[in-house]
Every structure is written in C-alpha cells, then in structure tokens.
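>>> coords below, sequence missing:
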C-alpha cells in the first residue's frame, strides 16, 4: 500500500480541508496510533480489505498537529506507516506514501510547490579561451525569481530531502536548453550541470533532455553536460554509462571540481571526459603556491595525454589567469572574467 516515492514526478496533493488516512500492516503500531491524544476522535474504516485510521482536518495547520506525535515513534515504526489525504471520507482510491516522505512534503510544501510550478531562470557565466581571449561559452546556473525567499541552494537541498531532485534536475536542464535557444548563438558552448544520481537509466531518463534539444533546435555539438560539484559518485561504471550516452548523442561531457572529493586524477583515465574543470581551491593564488602548481601541472600533463580540455574555475585575479595560461590550460571562468548574469544583453560573442 505504501509508496515511498523517491523520485515522484507529480506533486502530492494536500487539501486545505479534508481527511487523513493512516495505514499500517502492524496491529501493535495501529494501537499506538489510536492511543495518541490527537487521534482520539479518529475512526477505523475498511479500505481494500484492511482496517485503516481516518480523521478529518479543517486546515493544513490542523493536519500538521494531528500527525505531530508520529514524530516521537521509533524509526522502525515510522517506516511501517503510510499516509494518504483526500477531500472526501469515502474515496474509492487513495494515494498512500511513506510517512517520512509525507512529513517532509508537508514541512517543505512551499519550496516543493516552487520546485514543481515556480518560475526558474538561468544565469550565464562566461568561459573564455585562454589562448585567444575569445568567448568559448557559458556555464548555465539555475536561479529563481524570488531569491530572497527561495534560492537555488534551498531548492536543491529541499529536493534532496524530499526525493524530488530528479524532477528538479530535469527542469533545470530544460530551462538551460530553452535559455540557450533564446540568448546564445550557434557555435557558443553551453555548460549544463546534471546530477548522476537522478539518472537511473540513461537510455530512458535522458530521452526527455534529448527531446528538448530537438524541440528548441539546438545543435548537440554546442552542449557540454557537467557532473555537478556536490555529487559524490559511488558507481563509477554507472556514471561512465551516462557520459557515454551523452557522447553518443553528439554532446560533450565535463567532470567538475577535479581535485575535490571523488573527482581524482584517476577518474580522468577511467571516465575520459571531454573537459575537466579544476576546483577553485587549487586556482586561488596558484601563482605563489608550489604545491598547487605541482597538482595543476600534473592535471595538464594527464589531460594532454588523454586529449582532454582543461578549464580553470574561480579565477578572481589577473595573476591566477596568467599562471593558468602559462602552464597550458585551455579555458577559464570566474569573477575576474565575468559574473553570472540573467541579462539578455551579454558580453560580445566572437
């Protein structure tokens, strides 16, 4: 009966006024629930040959109060509880989801509503060719229309907690491709972030992205899909399969934050990305740090052997830019070059 809904593609409807239904297959847990003060007026009804608890509520605030005591249950008990809501007491069909997910859905309802229906924007940060100083492309960064209330960091944190990161990641990719069709001319590259964990089957999950590329008539050669810096890869073979699926469709791939976390030099040999982006901590004041210089030279050396382009992230000073250029890095981005902007009038295109 319970659906933990790890990657729901539709928002779970919570009515302002209605009935909450609580199901468990364990009689002992049911008795615990019936003994709770907030549920003392509840009733047992028959649903699909099972006895489930139901009680009415007159506001979402009241619904939260009714279910508040469930937080004190043991985690093992919580895992055996499923919740559904409806606006009628005798619904012929109820969509039950696991209690932990339901609790998070109520707690983060405002942000979840924005994830599913809020207006998303894309900020573009320029990336330049260090040899010619000309524009290579832009990294696409997700933004909201109400950053003081709900920012992109809160969106992704909430999506991770509530299991909706797959849907948000898909929306972010679509917004990036749509923004490109409106703002960026052919030949200028777009670096678009993605979360590997949201793509459980690349042959299936990426079809939506590929259809959006076709819909907006974007050349696959202008797209570089980039593993985001916050993602910790546990299954390297799965990530490699995702990258190869992008490549097979004519797109390029990038490994972000090399030197930080999972993105080690060994991963370059294993994954063979088209681009690698060096973590900011190795770029900051690199012209005066021998340890950083040794690491950066090693990356450039390996990348040259593997025909991988190297991009320095977080350039904030002229000295950093010059050093990266001197040791043979190909591209760079950072505040010294240009801050992310949502303005339609961007810096001059080559």
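Okay, I see it. In this text the structure is predicted, and so the values were computed from the model without any measurement.

>>> mean confidence for the one helix or strand residue 122 maps to?
Taking DSSP states H and E as the criterion, residue 122 maps to strand 120-129. Per-residue pLDDT values over strand 120-129 give a mean of 95.

>>> and that strand, which residues are buried?
120, 122, 123, 124, 125, 126, 127, 128 (16 or more other C-beta atoms under 10 Å). Placement of C-beta: from N, CA and C, glycine included.

>>> The following helix or strand past it: how far from the chain's middle?
On the C-terminal side of strand 120-129, the closest following helix or strand by DSSP H and E is strand 135-144. Centroid separation for strand 135-144 versus its chain: 16 Å, with C-alpha atoms, centre = their mean, to the nearest Å.

>>> Summarise which helices and strands strand 135-144 is packed against.
With contacts taken as 3 or more C-beta pairs under 8 Å, 6 or more residues apart in numbering; DSSP states H and E, strand 135-144 sits against strand 120-129, helix 152-162, helix 165-183, strand 189-194.

>>> Using neighbour counts, pick out the buried residues of the longest one.
What that stands for is helix 165-183. With burial defined by 16+ other C-beta under 10 Å, the residues of helix 165-183 counted as buried are 165-180, 183.

>>> quick one: that helix to chain centroid distance?
11 Å.

>>> Equivalent analysis for the shortest one, please.
Using C-alpha atoms, centre = their mean, the mean C-alpha position of strand 189-194 is found 13 Å from that of the whole chain.

>>> on that earlier part again, looking at the helices and strands packed on strand 135-144, which is closest to residue 82?
Residue 82 lies closest to helix 152-162 among the helices and strands packed on strand 135-144, at 16.4 Å (C-beta to C-beta).

>>> residue boundaries of the strands in this structure?
18-24, 43-47, 50-57, 81-86, 97-98, 120-129, 135-144, 189-194, 223-227, 252-258, 275-278, 309-312, 331-332 (DSSP state E).

>>> With respect to burial, which of the ones you listed scores highest?
strand 275-278 (a mean of 26; mean count of other C-beta atoms under 10 Å).

>>> and that one, which strands flank it?
strand 252-258 (parallel), strand 309-312 (parallel) (DSSP bridges).

>>> How is the protein partitioned into domains?
Domains of the chain are assigned by automatic domain parsing as 18-106, 112-332.

>>> mind putting those domains in CSV, distance to residue 340 included?
Compiled in CSV, these are given as follows (distance: least, C-beta to C-beta, whole Å):
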stretch, distance to residue 340
domain 18-106, 30
domain 112-332, 4
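
>>> which sections of the stretch 101-250 of the chain are below the confidence cut-off?
Scanning the stretch 101-250 of the chain for pLDDT under 70 picks out the ranges 229-233.

>>> what does the strand holding residue 122 contact?
With C-beta atoms under 8 Å, 6 or more residues apart in numbering as the test, strand 120-129 has contacts from 134-145, 171-172, 175-176, 179, 183-184, 189, 191, 311, 330-333, 337-342, 346-347.

>>> and the angle from that strand to strand 189-194?
With axes from the mean of the first three to the mean of the last three C-alpha atoms, to 10 degrees defining the directions, strand 120-129 sits at 130 degrees from strand 189-194.

>>> angle of strand 120-129 against strand 135-144?
Using the same axes, to 10 degrees: strand 120-129 against strand 135-144 is 160 degrees.
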